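Participant: Structure for this input, please:
(chains A and B, ligands or ions: 2)
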Amino acid sequence: MTSETLFSLRAVNKVYDGGVHALKDISFEVHKGEFLVVIGLSGSGKSTLLRCMNALHRPTSGEICYRGRDIAAATSREAREIRQRVAMIFQHFNLVPRTTVLKNVLTGALGRTGTARSLVGMFADEERKRAMRFLDLLGIADKARHRADQLSGGQQQRVAIARALTQEPEVLLADEPVASLDPATCHTIMDYLQKVNRELGITIVCNLHFLSLVRQYASRVVALRAGELVFDGQPADIDEAWFRRIYGEEAKEVHVN
Amino acid sequence: MSTDGGRGGLAKGVVFDAILLAYLLVLATVAAYGPSPEQMLMLGRNSFVGLILLAASATAALALRRAGVATVGSVVFEKGAAPKSGELRPWYRSFWAWQLLLVLGATFYVGARETEMSLYELTDEAGFRGATNLFRGIFSPNFAILPKAVLAIIETVYIAFMATLIAVPVAFVLSFTAAKNIMSRHPATFAFYVALRTALNVSRSVEPLIWAIIFSVWVGIGPFAGMLALMIHSIASLAKQYSEIVECVEDGPIEGIQSTGASFIQTIWFAIVPQIVLPYISFTIYRWDINVRMATVIGMVGGGGIGTILYQYQGQAMWPEVGCLVVVIAAVVWLMDTASAYIREAIK
Ligand SMILES: Nc1ncnc2c1ncn2[C@@H]1O[C@H](COP(=O)(O)OP(=O)(O)OP(=O)(O)O)[C@@H](O)[C@H]1O
Ligand SMILES: [Mg+2]
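Facilitator: Numbering: from 1, shown residues only, chains lettered A, B, ... in the order given. Ligands and ions are numbered 1, 2, ... in the order given. Sure thing, here's the model as predicted:
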């Protein structure tokens, strides 16, 4: 890759308060424009990794540099600035219930809107337009006035993507964005992420469970096993042997169509 | 976690058993000695005896625990602690059942004596005649004082309304700082949380009646004293109820809003507030409803409103006038109760 480096992780360790060593000496880089997929068994540390990259968690040691700034050493104000540029979506969508879709999407603009203005709901007109544009891009503009908790899972994830896009991010972290969706909807969401990646040029780091999806969408793959980075390469390189090393000897591949 | 809870339950169970046992021993000692009223008032000596009995009970409770006997303490506090032998014994062959029966029986006996329960008093002829008089008065209300009663109850409703209105914003702000999930992220905020919780619990355990007495001395008898009393109580109660709602909110939306780069205040406003408004409104209406009822009682100790004139009439045994007030109070309380139930049902 010749394009510029967005993230560079060096010897990142994360030990939770309970003593779980979730990340062990992780080092890799994320380049602009990539669709990087993180794979690994349940509990291997994928979510922890993404949360550290969004500054929701702090690594115990090591360096996570985003455009040369160390997230691990950021003040809380700097962490908020980084979060604006590094948006995140979640397996359970994490939308705000009892709140309209449009308002949910507008919360993506909170980082740019002053606290006082945002508390009285004074979002700039251009923010509203931007929010509607992204809802349109994701094909749910007609749901703008609906309550977010009354939408289907796939629609909620699209709202979450629209919220993330409203942040005008450079990177989108996706923590198992399709794990609670049916196979068809799963592809819809992955297609939207691909669209975001290709048309808006937003770099994507995405946790996934199914290798078939990985082969279809990823431009690069890293694999975690018990908190350690065990693979960094092209999706096509994950053969039978690698598969067993990542997922264990007993594992069998499952397909999503 | 599970072993920790188990150990805590164990200690609580032993303490509970010790207290039950000490209680029985104290009753038995009093019964056996039959101390004179003067002796009953000798605080130093009596608490010394009490402590000795407590120590003896604690030893006994520990011994029971060691022997693995299923006592009331172990049944209540050690949930999931499976009985060691004879799981399906009938209740009358279990230790805890007899322990409980003994405590309840003794309490009922002593209680009957303490409250001077007496069928004779209840059926005494002179007393009965007095009661008949009272009822006859109340059931033929003197509606001549109706305008006065209505004006007074309007005052009462406003006392309750103002107390609630002022308490709501204060309790709203306090509720976030009294919620464990928000405050436990940092040692300093956690210390604040503990201090605030304690202060709220203390002020809540002081009855509004006492607050009314305090304020009627402070600002003088009248509606202002009653309003202040209810306000203090409402702040403490609402802050507690509100903060419990905050503690039950989903974490997902909080994380979602935080991940956008929102500030702490924005996170509370956009992720937590939407989840809590409806239960907040519901509790607030209920609080107003309670305050109307309490305002009546508080009026009797100098808090203004209809309670104050109720107190005057009953002091002069003017039962028909009291009857009129009772009708007005009942009507308004019923109205408030029904209305608040409807509204709370509608916004659920
Ligand atoms: N907040 C936390 N506190 C303590 N331990 C945690 C916390 N979050 C995760 N862990 C632990 O860290 C390890 C890695 O968890 P993580 O959620 O990152 O795994 P994951 O790869 O995302 O798994 P899954 O595929 O099931 O989502 C696990 O052992 C987990 O129990
Ligand atoms: Mg996960």
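
Participant: In the stretch 151-257 of chain A, which residue sits nearest chain B?
Facilitator: For the stretch 151-257 of chain A, the residue positioned closest to chain B under C-beta to the nearest C-beta is residue A:167, at a distance of 5.6 Å. All C-beta spots, glycine's among them, are computed from the backbone N, C-alpha and C.

Participant: what's the burial count for that residue?
Facilitator: Other residues within reach of residue A:167, judged by other C-beta atoms under 10 Å in any protein chain shown, total 23.

Participant: what comes up buried for stretch A:46-60?
Facilitator: A:46-57, A:59 (16 or more other C-beta atoms under 10 Å in any protein chain shown).

Participant: Considering only those, which also neighbour chain B?
Facilitator: Contacts with chain B within the buried residues of stretch A:46-60, as defined by C-beta under 8 Å from any C-beta of the partner chain: A:54, A:56.

Participant: isn't there a strand covering residue A:18?
Facilitator: No. With the criterion set as DSSP: H, G, I helix; E, B strand; the rest coil, the secondary structure at residue A:18 is coil rather than a strand.

Participant: Which stretches in the stretch 201-348 of chain B count as helices?
Facilitator: Counting by DSSP state H, counting those that start in this stretch, the stretch 201-348 of chain B forms helices over residues B:208-218, B:223-247, B:251-258, B:264-267, B:273-298, B:306-315, B:319-346, given from the N-terminal end onward.

Participant: for chain A, same thing?
Facilitator: Residue ranges of the helices in chain A, as given by DSSP state H, are A:46-53, A:76-85, A:101-106, A:115-119, A:125-137, A:153-166, A:183-199, A:211-217, A:240-247.

Participant: Can you check which of these gets nearest to ligand 1?
Facilitator: For these, distance to ligand 1 was read as C-beta to the nearest ligand atom. The smallest value, 3.2 Å, belongs to helix A:46-53.

Participant: Go ahead and name everything in contact with stretch B:152-162.
Facilitator: Under the contact criterion C-beta atoms under 8 Å, 6 or more residues apart in numbering or on different chains, stretch B:152-162 has outside partners B:223, B:226-227, B:230-231, B:288, B:291-292, B:294-296, B:298-299, B:303-309, B:325, B:328-329, B:332, B:336.

Participant: one more time with 7 Å
Facilitator: The set of residues external to stretch B:152-162 that reach it, using C-beta atoms under 7 Å, 6 or more residues apart in numbering or on different chains, is B:223, B:226-227, B:230, B:288, B:291-292, B:295-296, B:299, B:304-307, B:309, B:328-329, B:332.

Participant: shaky segments in the stretch 101-250 of chain B?
Facilitator: Scanning the stretch 101-250 of chain B for pLDDT under 70 picks out nothing.

Participant: Tell me which residue of it lies closest to ligand 1.
Facilitator: When scored by C-beta to the nearest ligand atom, the stretch 101-250 of chain B has residue B:185 as its residue closest to ligand 1, at 12.4 Å.

Participant: what's that residue sitting at in phi/psi?
Facilitator: Reported as degrees, to the nearest 10, the phi and psi values for residue B:185 are phi -80, psi -20.

Participant: okay, now it: neighbour count?
Facilitator: What residue B:185 shows, counting by other C-beta under 10 Å, is a neighbour count of 9.

Participant: Pull the contacting residues for it.
Facilitator: If a contact means C-beta under 7 Å, 6+ apart, then residue B:185 has no contacts.

Participant: Write out the residues of the stretch 51-200 of chain A neighbouring chain B.
Facilitator: Counting by C-beta under 7 Å from any C-beta of the partner chain, the positions of the stretch 51-200 of chain A adjacent to chain B are A:54, A:56, A:80-81, A:83-84, A:87-88, A:90, A:92, A:94-99, A:107-108, A:110-111, A:115, A:118-119, A:163, A:167.

Participant: Any of these buried? List them.
Facilitator: The neighbour-count test (16+ other C-beta under 10 Å) marks A:54, A:56, A:80-81, A:83-84, A:87-88, A:90, A:92, A:94-97, A:99, A:107-108, A:110-111, A:118, A:163, A:167 as buried among those.

Participant: Next one: residue A:8 from chain B, what distance?
Facilitator: Using C-beta to the nearest C-beta, to the nearest Å, residue A:8 is found at 21 Å from chain B.

Participant: sorry, back to before: indicate which one of the helices of chain A is closest to residue B:115.
Facilitator: When these are compared for distance to residue B:115 using C-beta to C-beta, the nearest one is helix A:115-119, at 55.7 Å.

Participant: neighbouring contacts of that closest one?
Facilitator: Outside of helix A:115-119, the residues that reach it under the criterion C-beta under 7 Å, 6+ apart are A:110, B:263, B:265-266, B:269.

Participant: go again using 8 Å as the cut-off
Facilitator: Under the criterion C-beta under 8 Å, 6+ apart, external residues in contact with helix A:115-119 comprise A:110, A:123, B:263, B:265-266, B:269-270.

Participant: So which of the residues you listed is surrounded by the most neighbours?
Facilitator: Counting neighbours by other C-beta under 10 Å, residue A:110 leads the contacts of helix A:115-119 with 27 neighbours.

Participant: Give me the below-cutoff pLDDT ranges for the stretch 151-257 of chain A.
Facilitator: Confidence mapping of the stretch 151-257 of chain A against pLDDT under 70 gives the ranges A:253-257.

Participant: tell me the domain boundaries of chain B?
Facilitator: Per automatic domain parsing, the structural domains of chain B span B:6-117, B:137-346.

Participant: Tell me the residues of chain B that contact chain A?
Facilitator: By C-beta under 8 Å from any C-beta, the residues of chain B that approach chain A are B:250, B:252-253, B:255-263, B:265-266, B:269-271, B:274-275, B:277-278.

Participant: Which among the residues you listed count as buried?
Facilitator: B:252-253, B:255-263, B:266, B:269-271, B:274-275.

Participant: chain center to stretch A:105-119: distance?
Facilitator: A distance of 21 Å separates the centroid of the chain from that of stretch A:105-119, by C-alpha atoms, centre = their mean, to the nearest Å.

Participant: Just the C-alphas of it, formatted as CSV.
Facilitator: This file holds the C-alpha atoms of stretch A:105-119, laid out as CSV (Å, rounded to 0.1, in the frame of the first residue of the first chain):
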residue,chain,number,x,y,z
VAL,A,105,-29.0,11.0,13.0
LEU,A,106,-28.5,14.6,14.1
THR,A,107,-26.7,13.5,17.2
GLY,A,108,-23.8,12.7,14.8
ALA,A,109,-23.4,16.5,14.7
LEU,A,110,-23.1,16.9,18.5
GLY,A,111,-19.3,17.2,18.4
ARG,A,112,-19.5,20.3,16.1
THR,A,113,-22.5,21.8,17.9
GLY,A,114,-22.0,23.8,21.1
THR,A,115,-23.5,22.3,24.2
ALA,A,116,-25.9,25.1,24.9
ARG,A,117,-27.2,25.1,21.3
SER,A,118,-27.6,21.4,21.2
LEU,A,119,-29.5,21.2,24.5
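
Participant: what about that stretch, average pLDDT?
Facilitator: Per-region confidence: stretch A:105-119 scores 90 on mean pLDDT.

Participant: Now pLDDT and distance to residue A:40 too, for the buried residues of stretch A:46-60, in JSON lines please.
Facilitator: Output for those, formatted as JSON lines (pLDDT from 0 to 100; distance: C-beta to C-beta, whole Å):
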{"residue": "A:46", "pLDDT": "95", "distance to residue A:40": "5"}
{"residue": "A:47", "pLDDT": "94", "distance to residue A:40": "10"}
{"residue": "A:48", "pLDDT": "95", "distance to residue A:40": "11"}
{"residue": "A:49", "pLDDT": "96", "distance to residue A:40": "9"}
{"residue": "A:50", "pLDDT": "96", "distance to residue A:40": "12"}
{"residue": "A:51", "pLDDT": "94", "distance to residue A:40": "15"}
{"residue": "A:52", "pLDDT": "95", "distance to residue A:40": "15"}
{"residue": "A:53", "pLDDT": "95", "distance to residue A:40": "15"}
{"residue": "A:54", "pLDDT": "93", "distance to residue A:40": "18"}
{"residue": "A:55", "pLDDT": "92", "distance to residue A:40": "21"}
{"residue": "A:56", "pLDDT": "90", "distance to residue A:40": "19"}
{"residue": "A:57", "pLDDT": "91", "distance to residue A:40": "17"}
{"residue": "A:59", "pLDDT": "94", "distance to residue A:40": "17"}
